[in-house]
Every structure is written in structure tokens, then in C-alpha cells.
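> the sequence and its predicted three-dimensional model are supplied below.
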Amino acid sequence: MTMFYMTGTRRCDMLPYRTAVPARAAPSARERVAERSGIAVIDDDIAAIGNVRKESHMHLKGLDHVTINTADIDATLAYYSRFLGMEPGWRPVMPVSGAWLYAPGGDYPILHIIAVSATTAPDERRAVDHLAFRCEGLADHLAKMDAAGEPYDARPVPETNLVQVHQSDPNGIRVELTFEDEPLPDHIGWTDFKAASDE
């Protein structure tokens, strides 16, 4: 069956649907986006994109949390509690003081707050400290970073089953990737949070 992908105004809308378009399965989300943007969906191109994605075994699952710095932690906690209903909850031992905030009724901290002072270095005082993403495929990601010669810092989070990988994007924004139930490879050296806080 020959199918036509039209761009611009859909002239077939002027004709009865049953006679203008052959019956077929409902369009996929990709096809609907392509139709709205006037782009023809080519099966070979889709297959090529799929093959590129399969080359990487690290899977991005979504945004994990956002971390901000504040010189007034009391006012910050009061703000997010009053207007968003967020409350501080469990937080592991960290080298810096702060709080983890949870959504109302939630069991996972989605906003991390770090307390800073006027004596903190300017680079450490920026409002947004870092963005964190939840991922899968720790070993593959570290291998990719090593192959590219990109610097990173990887370490387990104490009292949890999480491993965090810290790196920076080209804009200097800190990016944290969080992996669950994936231990660090043996060849990765790291300093735990408590040891870092004692330095």
C-alpha cells in the first residue's frame, strides 16, 4: 500500500476521510509531531536514529533533583515550606551543612539545599549548585567519559545504594548523574563524603 506524507495544509481534510486516506493504525507520537511540523517520516531515518541510540548503554531516566546554595537557609526552608509545602527530611552525612526537601507526602528528596557563607568562594556561592539526573549504566558511562578524556568525580553516597558522578558541561554548570544499585568499578578511586568533610 502506498502512503503519502503531506506537508503544509492537509488538502485531504477537504474530502471524506474514508475515501481520502487508506485505513491504518493510529499514528505514533513521532508521526504526529512530524505531521505538525511538516516533516516526512522516513523509516530508514528512524532506524538509523535507533541504531545510534543503541550504541550507548547509559540510559537517562529523568531529572533526579536540583541543588541550590543559600546564605540564609532558614528563610529558604520557610519559603519552600510555605509556598510549596516541602519539608526537610532524612539526609546522609555530608561535608557541608544543608537540607534535603521532600514534596508533601513524598518519599524522595527533590530539592537539595546547601548552606554557604560570605566567606565561601564566589564559584561556590552561585544560586544553582548543580542539576542531577537519574540514570542507569554506570560502567558504560564511566568508560565513555574516560575514552573522551573528560574529568569527573565518582563516589558512593553514604548510607544509601546510590553512586553519584559529578562532571561539568561546556557552560561550567555542574551535572550530577545518580545511579542506583550499581557499585563503582574496582579501578575507580574515590574519597567518601565523611573523609572529605574531615580534610
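Noted; the coordinates are in hand. This is a predicted model, so every value here is computed, not measured. Numbering: from 1, shown residues only.

> switch to C-alpha atoms for all contacts and neighbour counts from now on
Fine.

> tell me what Gln164 is bridged to.
Counting by DSSP bridges, Gln164 forms beta bridges with Arg155, Thr178.

> so it touches Arg155, yeah?
Yes. Applying CA atoms under 8 Å, one finds Gln164 in contact with Arg155, separated by 5.6 Å.

> out of those two, which sits in the busier spot?
A count of neighbours by other CA atoms under 10 Å puts Gln164 above the other of Gln164 and Arg155, at 21 against 18.

> which ones are touching that one?
By CA atoms under 8 Å, 6 or more residues apart in numbering, Gln164 lies in contact with 154-157, 176-179.

> domain assignment for the protein?
With domains defined by automatic domain parsing, the chain comprises 11-54, 61-198.

> by mean pLDDT, point me to the weakest helix or strand of this protein.
Within the chain, no helix or strand scores below helix 17-20, which has a mean of 36 by mean pLDDT, DSSP states H and E.

> strands along this structure, start to end?
Shown for the chain, the strands assigned by DSSP state E span residues 59-70, 87-88, 98-102, 109-115, 128-136, 153-156, 162-168, 174-180.

> in stretch 89-99, what counts as buried?
By neighbour count on 16 or more other CA atoms under 10 Å, the buried set for stretch 89-99 is 94, 98-99.

> now the end-to-end length of that stretch.
With CA to CA, to the nearest Å as the measure, the ends of stretch 89-99 fall 7 Å from one another.

> quick thing: my sequence starts at 52, can you match it?
In the new numbering, first residue 52, that becomes stretch 140-150.

> mean confidence (pLDDT) on stretch 117-135, please.
Average pLDDT, stretch 117-135: 91.

> which residues sit against that stretch?
Contacts to stretch 117-135, defined as CA under 8 Å, 6+ apart, come from residues 137-139, 149, 154, 161-169, 175-183.

> show me the helices in this protein, by range?
Shown for the chain, the helices assigned by DSSP state H span residues 68-71, 80-88, 94-105, 124-135, 189-199, 244-249.

> out of the buried residues of stretch 140-150, who's nearest His116?
Among the buried residues of stretch 140-150, Ala150 lies closest to His116 (CA to CA), at 12.7 Å.

> quick check: the closest one touching Met137?
No. Using CA under 8 Å as the test, Ala150 is too far from Met137 to be in contact (11.3 Å).

> touching, Val147 and Ala166? I think so.
Yes. Using CA under 8 Å, Val147 makes contact with Ala166 at a distance of 7.2 Å.

> got any ranges where this protein has weak pLDDT?
Within the chain, the segments meeting pLDDT under 70 span 52-107, 172-176, 240-250.

> sounds good, over and out.
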